[in-house]
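Engineer: Coordinates only, no sequence provided:
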C-alpha cells in the first residue's frame, strides 16, 4: 500500500493498494504524483498473516522524477514499525535458507552442512 499526506499530522490518503495474492513474482507499479505541494509518502508492505519463513516482501527501485525536488524543511512525524522474522537458531548456530540450524563454525568451511548448501 502507498499512502500520502500533505500536512503535518494530517490524515493519510491511500494512493495505491495491491489486491489479491502476489505469490512469487515482481509487480511493477507506477504512481503518478500531480500534487505540487510538499507531500510525505509511506510505502507499506506486509505479509498476508500466513506465518511462513519463506515469505519475502521487497521494495526495489523507488525513484522520483519530473519536478520532484528535495524538501529541506521539517517533515511531518511518523511512526516507524518493522517486524523481524523469528530466528529458530541459537546464537551459536547459522540459519540455513531452508530454516535448518547448523553450528556457526560450519559456515564457509568448504563442506555442505545445510541440505540447501546455503552455508557455503
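Structural biologist: Thanks, I have the structure now. Note that the coordinates shown come from a computational prediction; the quantities given were computed from them, not determined experimentally.
Engineer: moving C-terminal of the helix or strand of the chain with the lowest mean pLDDT, what's the next helix or strand?
Structural biologist: Least confident helix or strand, the chain: strand 40-43 with a mean of 82, by mean pLDDT, DSSP states H and E. Next in sequence after strand 40-43, counting helices and strands by DSSP states H and E, comes strand 93-95.
Engineer: Can you list the strands that that next one pairs with?
Structural biologist: Looking at strand 93-95 with DSSP bridges, its partner strands are strand 101-103 (antiparallel).
Engineer: List the buried residues in the partner strand.
Structural biologist: Neighbour counts using 16 or more other Cβ atoms under 10 Å place 101, 102 of strand 101-103 among the buried residues. All C-beta spots, glycine's among them, are computed from the backbone N, C-alpha and C.
Engineer: ok, and what's touching it?
Structural biologist: With contact meaning Cβ atoms under 8 Å, 6 or more residues apart in numbering, strand 101-103 is reached by 88, 89, 90, 92, 93, 94, 95, 96, 113, 114, 119.
Engineer: which of these are buried?
Structural biologist: Neighbour counting by 16+ other Cβ under 10 Å classes 93, 94, 95, 96, 113, 114, 119 among the contacts of strand 101-103 as buried.
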